[in-house]
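Chemist: Would you be able to build a 3D model of this:
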Amino acid sequence: MNQAVRFPKGPALDRILTLELVRVTERAAVAAARLRGRGDEMAADQAAVDAMRQELNQLPIHGTVVIGEGERDEAPMLYIGEEVGSKTGPSVDIALDPLEGTTIAAKNLPNALAVIAIAEEGSLLNAPDVYMDKIAIGPGFPAGMVDLDAPAADNIATVAAAKGVPVSEVTACVLDRPRHARLIEDIRATGAAIRLIGDGDVAGVIHTTSPDETGIDIYLGIGGAPEGVLAAAALRCIGGQMQGRLVINSDEQRERAHRMGVEDVNAKYEMGEMARGDVVFAATGVTDGNLLSGVRFGRQAVTTHTVVMRSSSGTVRWIKAEHQDLDKFDDAL
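Modeler: Alright, predicted model coming up:
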């Protein structure tokens, strides 16, 4: 076992939380969207944090943030270990990113999201704020089809064979970072296409679940470990496969991982080890993207577009909401 497990003691998540969670990401998305394209990453992120925290504290849960804005001395709100909710409902783990893609939101580029996942207590990996090497594909493939330790060329060839298409018709999603120069070279050598993204690797992983819409078949490369847990939570609900391994570059990072309960920093995590049990995931678009539209500000209403899903039922809901009373909506923020 890669991490000490706290088994759930309370009842499973109430179905009502699935829809209650939508309000949480809606509020955060709207708050961030008011500052998109302004070039101020910190202001947009802080607005999303404040809105999400206020909305979370109205939920009938006893929640503990296990993936958040950082450790307590680094983040004044929604820090790892912070307790949220009314403290009257089930005890739950919470993984969140009030503004996933701060840079792309500040530049008003595609695929910025407000993201949250909740699960029964002890069900989410307490990942430190370090990098994680990841591989992910969508549903409909045999279990264990791709492997983080296999060469990129082998994984891409396996996906192509499973889809019954030539490698040239496979597209891999990779974060556009200097650290990926060799990976990009290896993928292009196979003849496969690459979709480079500037930020937002939670969205990148989720895009593998709908390749007909997004054009992305596989996600490869190194991104944030907290984002890896959020992505694993989404795949647990939608279906798919994912593996991840922490990238530890210093003694300080190793010690931080140990403090958070990670016993083996070299462990290769399967999706079910990063997100177990009954999981609910929600994401609202801040800017327009492949799967979600961004927030629209009209003269009479604010429009949001959200996806919310639950692992235990396999239900995926797409919610386009019009918030007519702008004064009340702003007050709620």
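Chemist: can you map out the helices along the chain?
Modeler: Taking DSSP state H, the helices of the chain run over residues 16-33, 41-56, 102-106, 152-163, 181-190, 201-206, 211-214, 225-238, 251-259, 271-274, 326-332.
Chemist: L291 reaches V316, doesn't it?
Modeler: No: under the criterion of Cβ atoms under 8 Å, L291 is not in contact with V316, lying 10.9 Å apart. In short, each C-beta sits where N, CA and C put it, glycine included.
Chemist: Please enumerate the shared neighbours of these two.
Modeler: Common neighbours of L291 and V316 (criterion: Cβ atoms under 8 Å, 6 or more residues apart in numbering): V307.
Chemist: These two: which is more packed in?
Modeler: Neighbours were counted for L291 and for V316 using other Cβ atoms under 10 Å; L291 has more, 18 against 14.
Chemist: just for the chain, where's the confidence low?
Modeler: Along the chain, the parts satisfying pLDDT under 70 run over 1-12, 73, 325-333.
Chemist: Okay, domains of it per the record?
Modeler: As given by automatic domain parsing, the domain ranges for the chain are 16-124+279-332, 131-274.
Chemist: Deepest in the core, which of these is it.
Modeler: domain 16-124+279-332 (a mean of 21; mean count of other Cβ atoms under 10 Å).
Chemist: now that one, how far from the chain's geometric center?
Modeler: 11 Å (Cα atoms, centre = their mean, to the nearest Å).
Chemist: about what we covered before: nearest to A283, of the helices of the chain?
Modeler: helix 16-33 (6.1 Å; Cβ to Cβ).
Chemist: Tell me what angle the closest one forms with helix 41-56.
Modeler: With axes from the mean of the first three to the mean of the last three Cα atoms, to 10 degrees as the basis, helix 16-33 and helix 41-56 are set at 150 degrees to each other.
Chemist: helices and strands around helix 16-33, which ones?
Modeler: Judged by 3 or more Cβ pairs under 8 Å, 6 or more residues apart in numbering; DSSP states H and E, helix 16-33 is in contact with helix 41-56, strand 91-100, strand 113-120, strand 279-285, strand 302-310, strand 315-323.
Chemist: orientation of that helix relative to strand 91-100 in degrees?
Modeler: 30 degrees.
Chemist: show me what contacts the one residue sitting closest to the centre of the chain?
Modeler: In the chain, the residue lying closest to the centroid (Cα atoms, centre = their mean) is L230, at 3.4 Å. Counting by Cβ under 8 Å, 6+ apart, L230 makes contact with I67, A95, L96, D97, E100, V115, A117, V202, F281.
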